[in-house]
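Peer 1: Need a 3D model of the sequence below.
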Amino acid sequence: MKQIPKYRKRFPPSYYPFSDSLRDFMDKNSSFYNSLKLANSARFEFVPLIFISHTPHWHKNASDEIIGLWYLDKINLKSGRGSVFKQDFIINVDTENKAFKAYAVRKYVDNKTIFLIDNFFKEYGENGAFYHDGKKWQHNYRDVSELPDEPNLRLLATILKILHHP
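Peer 2: Sure thing, here's the model as predicted:
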């Protein structure tokens, strides 16, 4: 009998739109997975939508795929303080589904796949800022109205905010 991979239980494809390669990578690299807000479901609710983007063709990292993950911060929502929507960035190096990098708030010592979020903006941005559709991209937002003008993102974020509102 064929055994179901761990990630199929942890990341059901119907809710987590990740590639099998990324799921395998997260299963094999627990520190990578733990660096993401995804690992802290007590605090963060994953918005079941990801953004895939690339830097412009002239950028030094143009061959890398940028995967943006969105979350609702349930603790900040209940307290009424701080950013309510937050983001993680994962890089699919050379878009080959073989190597991945995560950009997080915390740095895990001696890990070559996890970097500080500030490095993301330096490595994939322009003059220290990352732009999408001509607008400066952030990774923390206080409300739905501040999120990028993407209808599906705003709809799902609004639904989660209503479901978790105190």
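Peer 1: I'd like to know how many residues surround residue 34.
Peer 2: Neighbourhood size, residue 34 [other Cβ atoms under 10 Å]: 16. (Each C-beta comes from the backbone N, C-alpha and C, glycine too.)
Peer 1: let's number from 419 now, not from 1
Peer 2: In the new numbering, first residue 419, that becomes residue 452.
Peer 1: roughly how far apart are it and residue 500?
Peer 2: Per Cβ to Cβ, to the nearest Å, residue 452 is found 22 Å from residue 500.
Peer 1: Residue 523 now?
Peer 2: With Cβ to Cβ as the criterion, residue 523 and residue 500 are 13 Å apart.
Peer 1: do the same with residue 531
Peer 2: Taking Cβ to Cβ, one finds residue 531 at 28 Å from residue 500.
Peer 1: Looking at the two, which is more packed in?
Peer 2: More neighbours surround residue 531 than the other of residue 531 and residue 500, with 17 against 12 (other Cβ under 10 Å).
Peer 1: can you confirm residue 571 is in a strand?
Peer 2: No - Residue 571: not assigned to a strand; according to DSSP: H, G, I helix; E, B strand; the rest coil it is helix.
Peer 1: Pretty sure it sits against residue 465.
Peer 2: Yes - judged on Cβ atoms under 8 Å, residue 571 makes contact with residue 465 at a distance of 6.9 Å.
Peer 1: Verify the contact between residue 560 and residue 498 for me.
Peer 2: No - contact criterion Cβ under 8 Å: residue 560 and residue 498 do not qualify, at 10.4 Å.
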